[in-house]
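K.L.:
Sharing a model prediction with you, sequence too.
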Amino acid sequence: MSAATAPTWDPAQYLRHAGHRARPFADLLARVPDLPGEHPRIADLGCGPGNVTALLARRWPTARITGYDNSAEMLDQAHVEHEGPTPGGGRLDFAHADVRTWTPREPYDLIISNATLQWVPGHVERFADWVRGLRPGGTFAFQVPGNFDAPSHGLMRDLAHRHGLTDTLRHEDAVLTPRDYLATLADLDCTADVWETTYIHLLTGDDPVLDWVKGTGLRPVLTALADTPEQREAFLRDYRAALREAYPPGAHGTPFPFRRIFAVARKEA
């Protein structure tokens, strides 16, 4: 994303749906194999407020783990809530980095990324550097949203165009197909496991889909309109009405289908 459209982040808004957002990371983590060495070195690219990075310390309590992000707001939350030694003798730290340019400066046993790479145009071009930075037998794993053709995003793009914000949002090609990710990772001599899952999140409260996207996909629009509150409210009014029609509530809440793409690639030992 360009500097003009780089979103500002609100950790509190993001964490309002923390349980739903963390589930794909837990499902990804369950497929990551054991790591080489007794004290693994792990990088979490796009760690956000650190709540899922902390899950890595539970899986590998002796590991030295660094969460990287380019949002000062997210890193401030991560430093306060999660940084420090782990019960198993490891360490959890957080540092500023731009995923678009981050390159391993030491060997890693695991490089992992949760719902971040969709923000990085051409992210597959970084895979070779990251795989090269793994120790033999190490793993590169990630998950990305695969729902850019869903009503939540299609309606957002249509309204952004009407409000003169056409170049603010990501488009349908923000991520690759599972088949293309598999081919890319296989070309890097990795043993790759790639799959997709559609979660049906049952959301509660008023306008819960709007509340969800305010924490993630809508951030570029909210950032772009931060200095024009009347236009911001007009956008939200139109978008809220469209989402209510696209995602009507049921007897027990509002079903919100969300497709995600996962990959776990192991470097040959």
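P.N.:
Received the coordinates, thanks.
K.L.:
where do the helices sit along the stretch 1-150 of the chain?
P.N.:
All helices of the stretch 1-150 of the chain, identified by DSSP state H, counting those that start in this stretch, fall at 11-14, 18-30, 53-59, 72-82, 127-132.
K.L.:
so what's Leu28 closest to, chain neighbours aside?
P.N.:
Gln143 (4.8 Å; Cβ to Cβ, 6 or more residues apart in numbering). Using the backbone N, CA and C atoms, a C-beta is placed for each residue, glycine as well.
K.L.:
Can you give me the separation between the one you found and Asp27?
P.N.:
Distance, Gln143 to Asp27, by Cβ to Cβ, to the nearest Å: 8 Å.
K.L.:
Now do the shared contacts for those two.
P.N.:
Phe262 (Cβ atoms under 8 Å, 6 or more residues apart in numbering).
K.L.:
roughly how far apart are Leu165 and Thr216?
P.N.:
17 Å.
K.L.:
of Gln143 and Asp27, who's got more company?
P.N.:
Each of Gln143 and Asp27 has its neighbours counted (other Cβ atoms under 10 Å); Gln143 has more, 25 against 15.
K.L.:
give the contact list for that one.
P.N.:
Pro24, Phe25, Asp27, Leu28, Ser113, Asn114, Ala115, Arg260, Ile261, Phe262, Ala263.
K.L.:
Report the two of those separated the most.
P.N.:
The widest separation within the contacts of Gln143, taken as Cβ to Cβ, falls between Asp27 and Ser113 and amounts to 14.3 Å.
K.L.:
ok, the residue nearest the centre of the chain to Val99 distance?
P.N.:
Per Cα atoms, centre = their mean, the C-alpha nearest to the average position across the chain is that of Ala115, at 1.6 Å. Applying Cβ to Cβ, the value for Ala115 to Val99 is 12 Å.
K.L.:
what touches both of the two?
P.N.:
Common neighbours of Ala115 and Val99 (Cβ under 8 Å, 6+ apart) are Gly46.
K.L.:
so how far is Leu236 from Ala192?
P.N.:
Ala192 is 40 Å from Leu236, by Cβ to Cβ.
K.L.:
can you give me the strands for this protein?
P.N.:
Under the criterion DSSP state E, strands of the chain are mapped to 41-45, 64-69, 84-85, 91-96, 108-114, 134-145, 190-203, 254-267.
K.L.:
Right, I'll leave it there.
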